[in-house]
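Colleague: Mind looking at a prediction? Sequence and model below.
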Amino acid sequence: MDQYDHLDVSLDDDVLTIAIDRPDNLNAVNDPLHAELSEVFGEAYETDARVVVLTGNGDAFSAGGDVNWMQRNIEDPENFHKTMREGEQIIEDIVNLEKPVIAKVNGDATGLGATLALFCDIVMMSEEARIGDPHVSVALVAGDGGAVIWPLLTSLNKAKELLMTGDLVSAEEAEELGLANHVVPDDELDEATEEMIDKLASGPQTAIRYTKKTLNAWLELGNTVALKEGLALEGVSQQHPDHEEAVDAFLNNRRPDFPSGRDTED
């Protein structure tokens, strides 16, 4: 496989591990990391791995989009068009990858980080981690896949609540909602993930892969219905004054005052 600057990729026997590798930034996704994510799952298809594991180095799975990257996209809208094309590729490659993909959620998974985790086939989650999609907190549409996957795993109205508020949920609640398959103490996450890897890698590979492919027809349908529209509408929100205000507020450590929102008192 190619060498990556922001992904730690290793093939150990028949297990391919992809670790998001910006630990000093809570594995927040910037422009080059996003480009690498749009390539790595396609490359994983060509490996001899029986199982793929997606995780994050350090204390977080991924904190979603890097705000400095958002600022760059505001200043250069054409760059966001590239981001949209890559975003579609990331989701399609995960869905089309026939090998089972396990998300080892070792810490908070938010925004795009949550989307990446939830599009995996099995989510193993530390009980100390949280998950959520706070696109709205930076005045963006949850268009990178959240609108596809959350309603399929929870319910339409619960997905609406969580995506329109941007609230994070605990690992315990994530398991109750159907977002996580298994929640374990942090110091047991590696062992529990290894047990799941062994179960999948030891099984009949053709049957497992084609079962995944059959089930993922629902995701392909969801992507057809909502992914392209979601990315397009996220592009619209990316150019709205609300988003510019949210990014500026974050970078200057103040509370945002959204132009389209209700007037609030300091």
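Modeller: Received the coordinates, thanks.
Colleague: Quick one: list the elements packing against the helix ranked longest in the chain.
Modeller: Among the segments of the chain that qualify as a helix by DSSP state H, the longest is helix 77-96. Using 3 or more Cβ pairs under 8 Å, 6 or more residues apart in numbering; DSSP states H and E as the contact criterion, the secondary-structure elements in contact with helix 77-96 are helix 31-44, helix 67-75, helix 112-119, helix 228-238. Every C-beta, even on glycine, is put in place using the N, C-alpha and C of the backbone.
Colleague: neighbours around the nearest residue to T115 once chain neighbours are set aside, how many?
Modeller: Nearest residue to T115 in three dimensions, chain neighbours excluded: G145, at 4.2 Å (Cβ to Cβ, 6 or more residues apart in numbering). By the criterion of other Cβ atoms under 10 Å, G145 has 29 neighbours.
Colleague: any idea how far A171 is from G145?
Modeller: Applying Cβ to Cβ, to the nearest Å, the value for G145 to A171 is 21 Å.
Colleague: what's the most buried one of the helices and strands packed on helix 77-96?
Modeller: Using mean count of other Cβ atoms under 10 Å, the stretch among the helices and strands packed on helix 77-96 with the greatest mean number of neighbours is helix 112-119 (a mean of 28).
Colleague: before we move on, the earlier item: list the buried residues of the longest helix of the chain.
Modeller: By neighbour count on 16 or more other Cβ atoms under 10 Å, the buried set for helix 77-96 is 80, 83-84, 86-95.
Colleague: so, if you compare those, which one comes nearest to K199?
Modeller: The shortest separation between K199 and any of these is 20.5 Å, and it belongs to I94 (by Cβ to Cβ).
Colleague: from what I can see the closest one touches A117, true?
Modeller: No: contact criterion Cβ atoms under 8 Å: I94 and A117 do not qualify, at 10.4 Å.
Colleague: re the thing from before, so which of the helices and strands packed on helix 77-96 gets nearest Y210?
Modeller: In terms of Cβ to Cβ, the element of those nearest to Y210 is helix 31-44, at 17.5 Å.
Colleague: Packing partners of the closest one?
Modeller: Using 3+ Cβ pairs under 8 Å, 6+ apart as the contact test, the elements touching helix 31-44 are strand 7-12, strand 15-20, helix 67-75, helix 77-96.
Colleague: quick one: contacts for A249?
Modeller: The contact partners of A249, taken as Cβ atoms under 8 Å, 6 or more residues apart in numbering, are R255, P256, D257.
Colleague: ok, the second one - how many residues close by?
Modeller: Pointing back at P256 there. The burial count assigned to P256 is 20, neighbours taken as other Cβ under 10 Å.
Colleague: Spit out the contact partners of the closest residue to E43 other than its chain neighbours.
Modeller: Using Cβ to Cβ, 6+ apart and skipping the chain neighbours, the partner closest in space to E43 is M1 (5.0 Å). For M1, the contacting residues are V9, L11, V40, E43, A44, T47, taking Cβ under 8 Å, 6+ apart as the criterion.
Colleague: Kindly state the pLDDT recorded for M1?
Modeller: At M1, the pLDDT value in this model is 70.
Colleague: can you list the contacts of A249 in TSV and add secondary structure, pLDDT and distance to E244?
Modeller: Listed next are the contacts of A249 as TSV, based on DSSP: H, G, I helix; E, B strand; the rest coil; pLDDT from 0 to 100; distance: Cβ to Cβ, whole Å:
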residue	secondary structure	pLDDT	distance to E244
R255	coil	94	15
P256	coil	94	10
D257	coil	95	12
